[in-house]
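Engineer: Predicted structure and sequence below. I'll ask about it afterward.
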Amino acid sequence: SQQGEEDPQALSIQEGENATMNCSYKTSINNLQWYRQNSGRGLVHLILIRSNEREKHSGRLRVTLDTSKKSSSLLITASRAADTASYFCATATTGNQFYFGTGTSLTVIP
Amino acid sequence: DSGVTQTPKHLITATGQRVTLRCSPRSGDLSVYWYQQSLDQGLQFLIQYYNGEERAKGNILERFSAQQFPDLHSELNLSSLELGDSALYFCASSAPGTRGEQYFGPGTRLTVT
């Protein structure tokens, strides 16, 4: 099975609200990354958090990492219609493998 | 635009055939990764090359092979194609000396009929 599982599978919110999505993984990691994908297009890197970091911010994005629980969360604050996309977590494992989660489909309603 | 280019954009071919997908990484990036994205399997890591050498192998089938050339572009060869190989194939590249962010190309959509 895949390394990463994301929750929820789909999320629909009003513009201006915050969106939170979670990712769980199974093995030891070097870092965890979040990506965004608009329908049928290439993934865009959002943020990377290393295994020795607990929280990271980038603009309206806040990522947390709990290595003891093997989980991460992505918070998008003050969401916009343009944030509508699928969001994936990706883990770079200590075994030199890369695993993407199943993705969360976010819809932001104007 | 990520700076990673992939050709062709679309490919339609029949079962049993062989195709080659091409990827050019961002200028200066030494690592190239290949991924397969399908509805039932999600995004699967296939293989990574670093400066011409295979660095890591994921869920790549034996019917698939890849290489990275001295000019750093990469090709993914898919042979004895099956209906289940229909998917989006992405290439990504990353900067040398990092295990950091990957920059994805626009993908090649392969349809096997």
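Structural biologist: Everything's here; your move.
Engineer: for the chain, what are the low-confidence residue spans?
Structural biologist: Let's take chain A. A:1-3 (pLDDT under 70).
Engineer: Not quite, go with chain B.
Structural biologist: The low-confidence ranges in chain B, as defined by pLDDT under 70, are B:97-99.
Engineer: try 90 this time
Structural biologist: Across chain B, the ranges flagged by pLDDT under 90 are B:1-2, B:39-43, B:59, B:95-101.
Engineer: Near chain A, which residues of it are found?
Structural biologist: B:2, B:4, B:33, B:35, B:42-45, B:48, B:55-56, B:58, B:88, B:90, B:92, B:99-107, B:109 (CB under 8 Å from any CB of the partner chain). Where C-beta positions appear, they are placed from N, C-alpha and C, glycine not excepted.
Engineer: quick one: contacts for the closest residue to B:Ser79 other than its chain neighbours?
Structural biologist: With sequence-adjacent residues excluded and distances taken as CB to CB, 6 or more residues apart in numbering or on different chains, B:Ser79 is closest to B:Arg18, at 4.2 Å. If a contact means CB atoms under 8 Å, 6 or more residues apart in numbering or on different chains, then B:Arg18 has B:Asn77, B:Leu78, B:Ser79, B:Ser80, B:Leu81 as its contacts.
Engineer: Name the surrounding residues that touch the strand or helix carrying A:Cys23.
Structural biologist: Per DSSP states H and E: A:Cys23 is located in strand A:19-24. Strand A:19-24 is contacted from outside by A:4-8, A:11, A:13, A:32, A:34, A:69-76, A:79, A:83, A:87, A:89, A:101, A:104, A:106, A:108, using CB under 8 Å, 6+ apart.
Engineer: ok, of the residues of chain B next to chain A, which come out buried?
Structural biologist: With burial judged by 16 or more other CB atoms under 10 Å in any protein chain shown, the buried subset of the residues of chain B next to chain A is B:2, B:4, B:33, B:35, B:42-45, B:48, B:56, B:58, B:88, B:90, B:92, B:99, B:101-107, B:109.
Engineer: So A:Lys26 is in contact with A:Thr93, correct?
Structural biologist: No. With contacts counted by CB atoms under 8 Å, A:Lys26 stays clear of A:Thr93, the gap being 9.0 Å.
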